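Undergrad: Following is a predicted model, sequence given first.
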Amino acid sequence: MHQVQADDLEGVSKTLLIPLHYRVLESRSGSSSFKDELGERFHDAIACDWGEFDADPAQGLKAAGITGVMNRRFAIFDEQVGNFLERAPDGCVVNLGAGLDTRFHRLDNGRVDWIELDLPGVIAFRRKLGEPVCARHRLVAASVLDDGWAAEIQRQAHGQILFVAEGLFMYFTEEEHRKLFTCLADHFPGQEMLFHTIAPSLFQAFVQYRLSFASRLSLNAEMQWGLDDSRQVSALDPRVAFVREFPLLDGSDQLPEPIRLALSPAMARQAMKIVQVRFRA
């Protein structure tokens, strides 16, 4: 079977392989009901040393720990997107920085419109993998920071819209976030978004682990923004209203030892989370 070369991806785009790898590990583990058949096909079709993505024991991050965090992240997004589809079966999901996400194929109710938006190079890479085609599922090649895509979706989408940003925002600057959140508030009043964030107070603590991980993967992806307190999101634009959050860590035992020793249980719960917001009219 001809394989697509992972080296076709550069810089931050290469991080899209990380969630794919952990989804497939869970899908093939047989230890849960989670199944991602298309993800497994993508995984097999990519020429990559997948062992690079395993946890680094020298850094104190147990494989079970990072796998647990990733699986919880997938499960929460799946559950909350599923809840949205129950409320709005004819709605639209817009996946920002979609990478190789396969959630549409796992949750499709036969009615939802779904847009996967990512950089042109990522979309071109994804198209090489032979993804099943559906008229309600569109791949849009654009930077999330471009100006044109939001207006285009506003013209085309009808009814309720849910924006999803699963592993994207930590790589943008605060100013880039302000621009994006203002754009979403301008174009989509009354709509909601789910996004993953990491507390910036932990960025320095993660530096040594991330330097090792980034070196092994040849990544150029630096964390630049996050939320210690999820309600701080309104500082980006007062029309962005915090709704609720979903912690990804029950405690600090899943973290590298230097970070674990520096955190209280309460701080650990704020370290990584999924945040839900609504754009006020």
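TA: Nice, thanks for sending it over. All values reported here derive from a predicted model rather than from experimental measurement.
Undergrad: how about low-confidence regions in the stretch 51-200 of the chain?
TA: Where the stretch 51-200 of the chain drops to pLDDT under 70, the residues are 54-66.
Undergrad: ok, the residue nearest to residue 114 when sequence neighbours are not counted to residue 140 distance?
TA: Take residue 114 and drop its neighbours on the chain: the residue closest to it by C-beta to C-beta, 6 or more residues apart in numbering is residue 104, 4.4 Å away. From N, CA and C alone the C-beta is placed, and that goes for glycine too. When C-beta to C-beta, to the nearest Å is the yardstick, residue 104 and residue 140 sit 13 Å from each other.
Undergrad: Where do the helices of the stretch 1-150 of the chain begin and end?
TA: Counting by DSSP state H, counting those that start in this stretch, the stretch 1-150 of the chain has these helices, from start to end: 17-29, 37-45, 63-87, 103-107, 120-127, 148-156.
Undergrad: and these as TSV, adding mean neighbour count and distance to residue 279?
TA: What follows is the helices of the stretch 1-150 of the chain, written out as TSV (neighbours: other C-beta atoms under 10 Å; distance: least, C-beta to C-beta, whole Å):
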stretch	mean neighbour count	distance to residue 279
helix 17-29	19	26
helix 37-45	17	31
helix 63-87	17	15
helix 103-107	19	22
helix 120-127	16	26
helix 148-156	14	11
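Undergrad: Let's have those helices in a markdown table, adding distance to residue 192.
TA: As requested, the helices of the stretch 1-150 of the chain are exported to a markdown table (distance: least, C-beta to C-beta, whole Å):
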| stretch | distance to residue 192 |
| --- | --- |
| helix 17-29 | 22 |
| helix 37-45 | 26 |
| helix 63-87 | 8 |
| helix 103-107 | 16 |
| helix 120-127 | 24 |
| helix 148-156 | 14 |
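Undergrad: contacting residues for the residue nearest to residue 168 when sequence neighbours are not counted?
TA: The spatial neighbour of residue 168 that comes closest, neighbours along the chain excluded (C-beta to C-beta, 6+ apart), is residue 97 at 3.4 Å. When contacts are counted by C-beta atoms under 8 Å, 6 or more residues apart in numbering, residue 97 touches 117-118, 144, 165-168.
Undergrad: Of those - the most surrounded one?
TA: Of the contacts of residue 97, residue 118 is surrounded by the most neighbours, 26 neighbours in total, counting by other C-beta atoms under 10 Å.
Undergrad: what's near enough to touch that residue?
TA: Counting by C-beta under 8 Å, 6+ apart, residue 118 touches 16, 97-99, 126, 139-142.
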